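Colleague: sharing a model prediction with you, sequence too.
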Amino acid sequence: MRILATSVLTAIAFAFSHSASAEAPQRGREIGIPFDGTTGPLNAITDVQGVTVGFATIVEDLPDNRAARTGVTAVLPLGKASSEHPVFAGWFALNGNGEMTGTTWIEESGFLEGPVMITNTHSVGTVHQATIAWRVAQGGADETGYWWSLPVIAETWDGHLNDINGFHVKPEHVLAALESATGGPVAEGNVGGGTGMICHEFKCGTGTSSRIAKTSAGAYTVGVLVQANYGSRDTLRIAGVPVGQHLVEDRAYASLPQPAEESGSIIVVAATDAPLLPHQLKRIAKRASLGIARMGGMAGNGSGDIFVAFSTAKAEAGESEAVTTARMLANDAISPLFDATALATEEAIVNAMIAARDMEGDLGHVVKAIDHDELRRVLRQYNRLGD
């Protein structure tokens with residue numbers, strides 16, 4: 001794995017590329033978890049041609065027992081061309097106690113213009129401004145003479161492990177995430193915006209997966225990337241097994257009062273090469289909900305579950321001709337893409353959990369990652385281990 005280090009004040013940031021490593025974290029399939037559906041070659045959002053992903057990861061121990069455990073994730077629909085060519089998109093909020101900027105314009109125009117950036121709740125403003133600055137630096141202004149931009153910035157809360165009010169994400173980290181974005185394998189677990197995240201009371205973070213959807217019009221790819229920070233332990237299900245009811249040791253919040261209901265958040269970014277129009281992509285975004293439900297997520301009142309989906313099939317969709325033509329997959333052929341989205345979302349969450357590692361963070365808080373051997377023991381008890 002290539003590591004680019006950047007220094008901001010006393011913070012240490014790492015921008016991760018995606019080259020394979022002998023020490024790469026494991027994934028769900030590697031430990032024998034069975035999943036439905038056929039994946040792409042990388043089992044990642046980058047199986048959708050043109051999509052690139054970059055990270056900046058901030059891990060720094062600070063004075064007074066404080067700690068920075070946070071970062072930024074960048075998803076570029078068309079790689080470096082994302083600043084010049086919008087793509088059709090749609091979005092959906094399963095529960096809206098969270099933030100994803102730029103969605104009003106997606107709803108109005110049907111376009112995603114630029115990257116999708118994911119960070120922590122209190123760094124949305126910094127990432128928003130820095131993403132606009134990156135866009136300005138990419139080239140000339142539009143035909144009006146202005147570098148007009150309403151970037152999409154999403155967040156989940158990492159305040160248990162991260163000194164979130166220390167505002168450790170800086171513009172340099174945003175630039176590092178954008179400039180490091182590549183295709184190929186995608187890092188998972190404690191990376192980028194997912195660095196300090198927790199789901200189902202286990203250490204979690206960033207995860208990805210893909211599916212090949214075979215439709216009557218041909219085969220298409222759906223890729224998903226999640227930043228998972230949601231869910232209670234009791235409801236956790238993996239491969240249909242209620243593992244959360246068995247794995248009750250080392251609860252993430254053992255030192256804190258248990259919440260009365262599920263809280264937390266998850267951001268889902270879904271990409272496809274299928275020719276879909278914005279209203280169809282909104283339907284795709286909605287199906288991420290089903291993948292979360294398969295994991296036992298209930299979208300409680302305090303949860304921010306916000307999803308965006310885009311298609312790379314018509315990169316010229318935003319060109320300025322007065323009349324343009326767009327192709328779309330017939331609605332009667334779209335159901336396999338719904339299946340693919342739900343299944344890829346489910347596996348992306350599992351991959352985030354499996355890749356994550358134990359973390360000690362702000363004020364000495366410790367969150368344990370899911371124990372692979374214990375998970376395998378429970379799955380074997382239900383005859384659901386795939387080895």
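Modeller: All right, it came through fine. Residues are numbered from 1 along each chain as shown.
Colleague: show me where pLDDT drops low in the stretch 201-350 of the chain?
Modeller: 250-262, 315-320 (pLDDT under 70).
Colleague: straight-line length of stretch 154-167, end to end?
Modeller: Stretch 154-167 has an end-to-end distance of 16 Å (C-alpha to C-alpha, to the nearest Å).
Colleague: distance between it and the chain's centre?
Modeller: 16 Å (C-alpha atoms, centre = their mean, to the nearest Å).
Colleague: repeat that for stretch 94-102.
Modeller: 14 Å.
Colleague: now swap in stretch 138-145 and tell me
Modeller: 30 Å.
Colleague: same check, this time on stretch 226-243
Modeller: Worked out by C-alpha atoms, centre = their mean, stretch 226-243 lies 16 Å from the chain centre.
Colleague: so which bits of that stretch are buried?
Modeller: For stretch 226-243, burial by neighbour count (16 or more other C-beta atoms under 10 Å) applies to 226-233, 235-239, 241, 243. The C-beta positions use only the backbone N, C-alpha and C, and glycine is treated the same way.
Colleague: so which of these are in strands?
Modeller: V226, Q227, A228, N229 (DSSP state E).
Colleague: helices of this structure, start to end?
Modeller: For the chain, applying DSSP state H gives helices covering 103-109, 124-137, 171-179, 278-295, 335-355, 372-381.
Colleague: among these, which comes closest to A187?
Modeller: A187 lies closest, by C-beta to C-beta, to one member of the helices of the chain: helix 335-355, at 8.1 Å.
Colleague: buried ones in that closest one, by neighbour count?
Modeller: 336-355.
Colleague: cool, and stretch 132-152?
Modeller: Buried residues in stretch 132-152, counted by 16+ other C-beta under 10 Å: I132, W134, R135, W147, S149, L150, P151, V152.
Colleague: now do it: distance from first to last residue.
Modeller: 10 Å.
Colleague: also stretch 268-281?
Modeller: Using C-alpha to C-alpha, the two ends of stretch 268-281 sit 13 Å apart.
Colleague: buried ones in it?
Modeller: Neighbour-count burial for stretch 268-281 flags 268-278, 280-281 (criterion: 16+ other C-beta under 10 Å).
Colleague: V378: which of those is nearest?
Modeller: In terms of C-beta to C-beta, no member of these lies closer to V378 than V268, at 25.8 Å.
Colleague: make sure the closest one is actually in contact with T345.
Modeller: Yes: V268 is within contact range of T345, at 5.8 Å (criterion: C-beta atoms under 8 Å).
Colleague: look up how far N331 lies from E321.
Modeller: E321 is 26 Å from N331, where distance means C-beta to C-beta, to the nearest Å.
Colleague: more neighbours, these two?
Modeller: N331 (10 against 7; other C-beta atoms under 10 Å).
Colleague: ok now do the more buried one, which residues does it touch?
Modeller: N331 makes contacts with Q280, as judged by C-beta atoms under 8 Å, 6 or more residues apart in numbering.
Colleague: also D339?
Modeller: Counted by C-beta under 8 Å, 6+ apart, D339 has contacts G37, R211, A213, R287.
Colleague: what residue is smack in the middle of the chain?
Modeller: V226 (2.5 Å; C-alpha atoms, centre = their mean).
Colleague: grab the nearest non-local neighbour of it.
Modeller: A348 (4.5 Å; C-beta to C-beta, 6 or more residues apart in numbering).
Colleague: the one you found against G205, yeah?
Modeller: No: contact status for A348 versus G205: not in contact, 11.0 Å apart, counting by C-beta under 8 Å.
Colleague: what residues are shared contacts of the two?
Modeller: In contact with both A348 and G205: A228, using C-beta under 8 Å, 6+ apart.
Colleague: returning to what we had before: can you check which residues contact both of V268 and T345?
Modeller: V224, V226, A288, G291, I292.
Colleague: for A228, see how far away the nearest residue to E107 once chain neighbours are set aside is.
Modeller: In this structure, E107 finds its nearest non-sequential neighbour in W91, 7.0 Å apart by C-beta to C-beta, 6+ apart. Using C-beta to C-beta, we find W91 at a distance of 18 Å from A228.
Colleague: then I45?
Modeller: 14 Å.
Colleague: count the residues that sit near D64.
Modeller: Count around D64 with other C-beta under 10 Å applied: 6.
Colleague: can you check the pLDDT for it?
Modeller: pLDDT for D64: 97.
Colleague: ok, now T39?
Modeller: pLDDT at T39 comes out at 98.
Colleague: residues touching it, list them.
Modeller: The neighbours of T39, taking C-beta under 8 Å, 6+ apart as the test, are D47, S209, S210, R211, I212, E347.
Colleague: circling back: which of the helices of the chain sits closest to A326?
Modeller: Per C-beta to C-beta, nearest to A326 of these: helix 278-295, 9.8 Å.
Colleague: report the separation between the closest residue to F111 other than its chain neighbours and D142.
Modeller: With sequence-adjacent residues excluded and distances taken as C-beta to C-beta, 6+ apart, F111 is closest to P86, at 4.0 Å. Between P86 and D142 the computed distance is 11 Å (C-beta to C-beta).
Colleague: do F202 as well
Modeller: To D142, F202 is 45 Å away according to C-beta to C-beta.
Colleague: now do L161
Modeller: From L161 across to D142, the span is 40 Å (C-beta to C-beta).
Colleague: same question for G98.
Modeller: From G98 across to D142, the span is 30 Å (C-beta to C-beta).
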